[in-house]
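Trainee: Quick one, what's the 3D model for this:
(2 chains, ligands or ions: 2)
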Amino acid sequence: MKKVKNLFSQIYRSYLFRRTIISFLSLLGLSLIIFALARVIPGDPARMALGPRAPEDVVERYREMLHLKDPLIVQYYYWLSDLFHGRLGISLVTFRDVSADILEFLPATLELMLFTAIIQIIGTIILGTISGCRPGSLVDGALRIFAYVGITIPAFVWAILFQLIFSYYLGWLPAVGRISEDLRVPRVTGFMLIDTILTGNVRAFIDALQHLILPSLSLALGAMAQEARILRSSLVENIGKDYVVTFASHGIPYRTVCFKYALKPSLLGLVPVMGLDIASIIANAFMVEMIFNWPGVSRYGITAMLRKDLNAIVGVVLVVGLIYVIVNILVDILIFILDPRIRRR
Amino acid sequence: MSEIETLLEVKDLYVNYKSYWYIYKVLNGVSLKISKGEKIGILGESGAGKTTLLKSILGILPPQGRIVKGDILYKGRSLIHDKKYLNEVRRSSIGMIFQDPLASLNPVFTVKEHLLDVLKVVYKDHNYKESDLISIATELLKEVMLPDVERVLNSYPFQLSGGMRQRVVIAMALASAKELLLADEPTTNLDVTIQDQILRLIERLVNEKNLSLILVSHALGLLFRMVNTLYVMYGGEIIEYGDARKILKEPLHPYTKMLLISAPRLTSSKIGEGIKGNPPDYRNPPSGCRFHPRCPFAMDICKKEKPKLIRIGPDHYVACHLYSTSDLEKTGSGI
Ligand SMILES: Nc1ncnc2c1ncn2[C@@H]1O[C@H](COP(=O)(O)OP(=O)(O)OP(=O)(O)O)[C@@H](O)[C@H]1O
Ligand SMILES: [Mg+2]
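Mentor: Ligands and ions are numbered 1, 2, ... in the order given. The predicted model follows:
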């Protein structure tokens, strides 16, 4: 317990504190870009925000509300404070508060992202370790081919392929949506897997899981192939190093030597790459959510872009940016835990 | 050698390294023998294959390395063909000190984790509790004269100085080296002032524990003092071996002569820079005697025929065509 507490105080004091400040600064930078997108670029933000059919006096009142007559810096201040209070304006498509829309759609996307990330991490570690510890083996050869294929084929192509093969032809898994039509799951957290458990509906849980498999697999595959190759080559490199070999020289079994002493230092280089990949799941998810008709934020964002729904676009970009920043902080924490050279500075 | 029990025998060993494009034929028929209680030294310039030889013995060549021919026997049983026996020997008979102390401890594990995991396999038949193992680890660290053992145990390698790290490496090697210690240039990359301390420490421990020793070192003084038999390696071959003092005083092979002349006498600094020419290209090694392109006495036969190790005097062997002819006295004292 004391150890844990010490760890946290260390985190706070040094490395993580610095990293958090950096993240905060990058968020600030992001907000400037979004502000430019929302206020500076469009000719008349109020008109853009309300749409072409809104009457002039309403638009005029909206201009007042947005402080459009004030200097930019003042506008930025008001805009930022609105942002902090979750006032993102009204969506032109749904005619609802954008923040309410996002709150509704975000859990579906987050669930997809998290599930994808889990598949990606587990797959990377299993494939990378097996082929790295046994270079030249059958698994290793298979991974090499899989990696080339995985890197060249984008996620949305996998999505279409999987949908065709596993839903239409084989009929093993559902093709679209988060849950079957006939199942009603009351919304608690918005995470289908959690909500089904909370309401004790096992059948719905399994159903939701089945719906998750294809979209997350198609999102995970490319990055997984690439990461497994990275892990593999850094394992192969580490296995020849004296600081790994020394354990073999004491008669410790090869499996332990590879899975422990070679794997841990190999993970150090992998974690940042993995973090970036996981953060960019949301970018790939735009297409995949469309294909699987997944009611998530990405699909909402695409619709917003097609309809020039400015407020909604701002909201979605903000969410994407936030996810990047949060994942980065998580990566930093993970590296902090894995690498004593950072932890004990 | 005599009636004394042979501990380790390397028989006609060939080792290749494979890269994407090339095959490096490094060890080219190396044989070596060490009896119980014997201490042997290996001398040779950088790239001669000394580390390759030691790593082959413990079966820890990097993935690119392959033993293609020959055998390694420990107490008469093959380490190459009997993996179970190899692991047994690794656990409780042979220990190795690696060349570069800065690179032989795992950066992401503490000293304690290193030692405990090693001790766990070394004493796996003893049913020791963790606290027992910790006290063994503490004992080991005290034996290598590390101060503040408690702190060292909980440190990561990067928090220790080079000398401290090498002491930890020695402690780890001692955990398994119940009979034979392999020390591969144990002071490379260390501060000159510490080199001597480390060598003395190894010397003392080997004598105290009555270990057999294979020492790769350029510290001629130490070799002279400590080692019974000296092997001189060039280009993946043993080109001269025998009584250490005799070889150090009256070397026969042209390479050994040049090596010893170029060495700052009886110091521990590195040698090998002083000889003209480059070590052989292992992808396409010279025919005949691998040293002939650099040898001032090279004859026709040297390009064609690989010289065999022949006995010159009691306990003195050399592989050189200069000595296979009868008039060796004339040419032999040329340098
Ligand atoms: N993994 C590898 N792949 C290819 N070649 C290798 C590999 N490891 C070693 N070699 C080559 O084998 C030869 C012998 O290397 P080795 O490390 O055994 O020499 P050494 O006598 O220990 O030298 P040093 O005194 O520098 O430690 C060198 O030419 C080296 O380049
Ligand atoms: Mg070496």
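
Trainee: Please make it C-alpha for all contacts and neighbour counts, starting now.
Mentor: Fine.

Trainee: Residue in the stretch 1-150 of chain A with the shortest distance to ligand 1?
Mentor: Distances from the stretch 1-150 of chain A to ligand 1, computed as C-alpha to the nearest ligand atom, single out residue A:135 as the nearest residue at 14.4 Å.

Trainee: In chain B, where's the longest helix?
Mentor: Within chain B, and with DSSP state H defining each element, the longest helix by residue count is helix B:192-209.

Trainee: Which strands or helices does that helix pack on?
Mentor: With contacts defined as 3 or more C-alpha pairs under 8 Å, 6 or more residues apart in numbering or on different chains; DSSP states H and E, the packing partners of helix B:192-209 are helix B:162-176.

Trainee: Tell me which helix or strand comes right after the helix it packs on.
Mentor: On the C-terminal side of helix B:162-176, the closest following helix or strand by DSSP states H and E is strand B:180-184.

Trainee: mind listing what that next one pairs with, with the direction of each?
Mentor: Applying DSSP bridges to the sheet, strand B:180-184 is found paired with strand B:94-97 (parallel), strand B:212-216 (parallel).

Trainee: In the host helix or strand of residue A:233, which residues are buried?
Mentor: When elements are assigned from DSSP H and E, residue A:233 belongs to helix A:202-239. Of the residues in helix A:202-239, those buried under the neighbour-count criterion (16 or more other C-alpha atoms under 10 Å in any protein chain shown) are A:204-205, A:207-236, A:238-239.

Trainee: Then stretch B:39-58?
Mentor: Within stretch B:39-58, the residues that qualify as buried by neighbour count (16+ other C-alpha under 10 Å) are B:39-45, B:47-58.

Trainee: now, which of these lie close to ligand 1?
Mentor: On the criterion C-alpha under 6 Å from any ligand atom, B:45, B:47, B:48, B:49, B:50, B:51, B:52 are the entries of the buried residues of stretch B:39-58 that sit beside ligand 1.

Trainee: So which of those are in helices?
Mentor: Using DSSP H, the members of those that fall within helices are B:50, B:51, B:52.

Trainee: Let me see the contact set for the last one.
Mentor: If a contact means C-alpha atoms under 8 Å, 6 or more residues apart in numbering or on different chains, then residue B:52 has B:15, B:27, B:61 as its contacts.

Trainee: out of those, who has the most neighbours?
Mentor: Across the contacts of residue B:52, neighbour numbers were computed from other C-alpha atoms under 10 Å in any protein chain shown; residue B:27 holds the maximum, 28 neighbours.

Trainee: In a helix, that residue, correct?
Mentor: No: using DSSP: H, G, I helix; E, B strand; the rest coil, the secondary structure at residue B:27 is strand, not a helix.

Trainee: so what's it closest to, chain neighbours aside?
Mentor: Nearest-residue entry for residue B:27: residue B:236, 4.2 Å, with adjacent residues in sequence omitted and distances by C-alpha to C-alpha, 6 or more residues apart in numbering or on different chains.

Trainee: and if you look at residue B:190?
Mentor: Nearest in space to residue B:190, with sequence neighbours left out and distances taken as C-alpha to C-alpha, 6+ apart, is residue B:162 at 6.2 Å.

Trainee: Could you report the neighbour count for residue B:283?
Mentor: By other C-alpha under 10 Å, 15 other residues sit near residue B:283.

Trainee: Next up, the contacts around it.
Mentor: The neighbours of residue B:283, taking C-alpha under 8 Å, 6+ apart as the test, are B:22, B:23, B:24, B:25.

Trainee: re earlier: next, the residue nearest to residue B:27: phi, psi?
Mentor: The main-chain torsion angles of residue B:236 are listed as degrees, to the nearest 10 and equal phi 80, psi 10.

Trainee: so how far is ligand 1 from it?
Mentor: Distance, residue B:236 to ligand 1, by C-alpha to the nearest ligand atom, to the nearest Å: 7 Å.

Trainee: hang on, that residue packs against residue B:24?
Mentor: No: applying C-alpha atoms under 8 Å as the test, residue B:236 and residue B:24 come out as separate, 10.6 Å apart.

Trainee: Looking at these two, which is more packed in?
Mentor: Residue environment comparison for residue B:236 versus residue B:24 gives the larger neighbour count to residue B:236, 27 against 18, counting by other C-alpha under 10 Å.

Trainee: Any buried residues in stretch A:16-29, and which?
Mentor: Taking 16+ other C-alpha under 10 Å as the neighbour-count basis, stretch A:16-29 is seen to contain the buried residues A:16, A:20, A:23, A:27.

Trainee: On the pLDDT front, check the third one for me.
Mentor: I take that to be residue A:23. Here, the pLDDT recorded for residue A:23 equals 81.

Trainee: pretty sure it is in a helix, no?
Mentor: Yes: checked against three-state DSSP, residue A:23 lies within a helix.

Trainee: I figured it hits residue A:325, correct?
Mentor: Yes: under the criterion of C-alpha under 8 Å, residue A:23 lies in contact with residue A:325, with a separation of 6.1 Å.

Trainee: Next, count neighbours for the closest residue to ligand 1 within the stretch 201-345 of chain A.
Mentor: The minimum distance from the stretch 201-345 of chain A to ligand 1, using C-alpha to the nearest ligand atom, falls at residue A:240 (7.5 Å). Here the number of neighbours of residue A:240 (other C-alpha under 10 Å) works out to 18.

Trainee: quick one, the longest helix of chain B and helix B:162-176 angle?
Mentor: Our comparison of helix B:192-209 with helix B:162-176, counting by axes from the mean of the first three to the mean of the last three C-alpha atoms, to 10 degrees, yields an angle of 20 degrees.

Trainee: got the contact list for residue A:218?
Mentor: Per C-alpha under 8 Å, 6+ apart, neighbours of residue A:218: A:155, A:156, A:158, A:159, A:162, A:288.

Trainee: rerun that using 10 Å as the cut-off
Mentor: Going by C-alpha atoms under 10 Å, 6 or more residues apart in numbering or on different chains, residue A:218 touches A:116, A:150, A:154-163, A:284-285, A:288.

Trainee: which one of the residues you listed is nearest residue B:88?
Mentor: Proximity to residue B:88 was ranked across those by C-alpha to C-alpha; first place goes to residue A:150, at 43.3 Å.

Trainee: mind checking pLDDT for the closest residue to that closest one other than its chain neighbours?
Mentor: For residue A:150, ignoring the flanking residues on the chain, the nearest one in space by C-alpha to C-alpha, 6+ apart is residue A:222 at 4.4 Å. In this model, residue A:222 is scored at 89, pLDDT.

Trainee: quick one, what contacts residue A:222?
Mentor: Under the criterion of C-alpha under 10 Å, 6+ apart, the contact partners of residue A:222 comprise A:120, A:146-155, A:158, A:277.

Trainee: Could you measure from it over to chain B?
Mentor: Between residue A:222 and chain B the distance, using C-alpha to the nearest C-alpha, to the nearest Å, works out to 27 Å.

Trainee: how many neighbours does the residue of the stretch 151-300 of chain B found nearest ligand 1 have?
Mentor: When scored by C-alpha to the nearest ligand atom, the stretch 151-300 of chain B has residue B:282 as its residue closest to ligand 1, at 6.6 Å. Residue B:282: 19 surrounding residues under other C-alpha under 10 Å.

Trainee: Residue A:332 now?
Mentor: 19.
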